[in-house]
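Asks: turn this into a model:
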Amino acid sequence: MTAPDVVVVGGGPVGLAAAIAARQRGLDVLVADRARPPIDKPDPATGKMDGMITVDAASGDSGHSIRDDRMKSSILETDKFPEISFAPRQVVSHGGIEKEFPVKVQGLLHGVQHDLTVNATVSRDGNNVTIHCDFVIPCVAWGLEDPSIMMFKVAKEVAIDVTTVARLRWQPAE
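Replies: You can find the predicted model right below:
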């Protein structure tokens, strides 16, 4: 058995959205959660969430092996810091359907924890729900070495954009 490309710890809405998005991109995904479905992680009263999205730091592949090798060995130091993770912690305000709402997230990159806010939008069309979020990882500001070399300039930030579609399935209450 081979290891998955992505392990999502926590099967709440953000975790499942990330798992679906990763799967749509052809990655092998494992979702781990101690609760049994249906799983509803955000506390409706406080907005608190749990779960974690973990990515193998060495899984990036730009198609340029020399650049990728340098990024993995010198910049990300994947031998010392093999994982990058994002853990949703709290929905800041409920925007409701079709409205944007912020989610506080803790990111772990290169062994250091960073706080960021991810803006998410949820829209519903019948039983289909679309979840979209986008955010920027300021790699250099978060302490990584600038990957630019001489005339080869590389962005100091990485933009992440996730859109996923889920289908609601209703079960009668017991």
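
Asks: what ranges do the helices span in the chain?
Replies: Using DSSP state H, the helices of the chain run over residues 13-24, 65-70.

Asks: would you single out the least confident of those?
Replies: Mean pLDDT is lowest for helix 13-24 among the helices of the chain, at a mean of 70.

Asks: the nearest residue to residue 2 once chain neighbours are set aside and residue 22, how far apart?
Replies: When the adjacent residues along the chain are set aside, residue 2 lies closest to residue 28, with 7.5 Å between them (C-beta to C-beta, 6 or more residues apart in numbering). The way it works is simple: take the backbone N, C-alpha and C, and place the C-beta from them, glycine included. Distance from residue 28 to residue 22, counting by C-beta to C-beta, to the nearest Å: 9 Å.

Asks: so between the two, which is more surrounded?
Replies: The neighbour count for residue 28 versus residue 22, taken as other C-beta atoms under 10 Å, is higher for residue 22 (22 against 12).

Asks: hey, which helix or strand in this protein has the poorest pLDDT?
Replies: Every helix and strand in the chain was compared by mean pLDDT, DSSP states H and E; the lowest is helix 13-24, with a mean of 70.

Asks: the longest strand in this protein is where?
Replies: Of all segments of type strand in the chain, defined using DSSP state E, the longest is strand 112-125.

Asks: ok, that strand: who's next to it in the sheet?
Replies: Using DSSP bridges, the strands paired with strand 112-125 in its sheet are strand 100-109 (antiparallel), strand 128-137 (antiparallel).

Asks: quick one: contacts for residue 148?
Replies: Residues near residue 148 by C-beta atoms under 8 Å, 6 or more residues apart in numbering: residue 154.

Asks: before we move on, back to that, can you pull the buried residues of the longest strand of the chain?
Replies: Within strand 112-125, the residues scored as buried using 16 or more other C-beta atoms under 10 Å are 114, 118, 120-122.

Asks: now that strand, how far from the centre of its chain.
Replies: 9 Å (C-alpha atoms, centre = their mean, to the nearest Å).

Asks: can you show me the CA trace of it as CSV?
Replies: Listed next in CSV are the C-alpha coordinates belonging to strand 112-125 (Å, rounded to 0.1, in the frame of the first residue of the first chain):
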residue,chain,number,x,y,z
VAL,A,112,6.6,27.5,12.4
GLN,A,113,2.9,28.2,13.1
HIS,A,114,1.2,31.2,11.4
ASP,A,115,-2.3,32.6,11.7
LEU,A,116,-4.2,33.7,8.7
THR,A,117,-7.8,34.3,7.7
VAL,A,118,-9.3,32.5,4.7
ASN,A,119,-12.4,34.0,3.0
ALA,A,120,-15.0,31.3,2.1
THR,A,121,-18.2,31.4,0.1
VAL,A,122,-20.9,28.8,0.2
SER,A,123,-23.7,28.7,-2.4
ARG,A,124,-26.5,26.2,-2.8
ASP,A,125,-28.5,25.1,-5.8
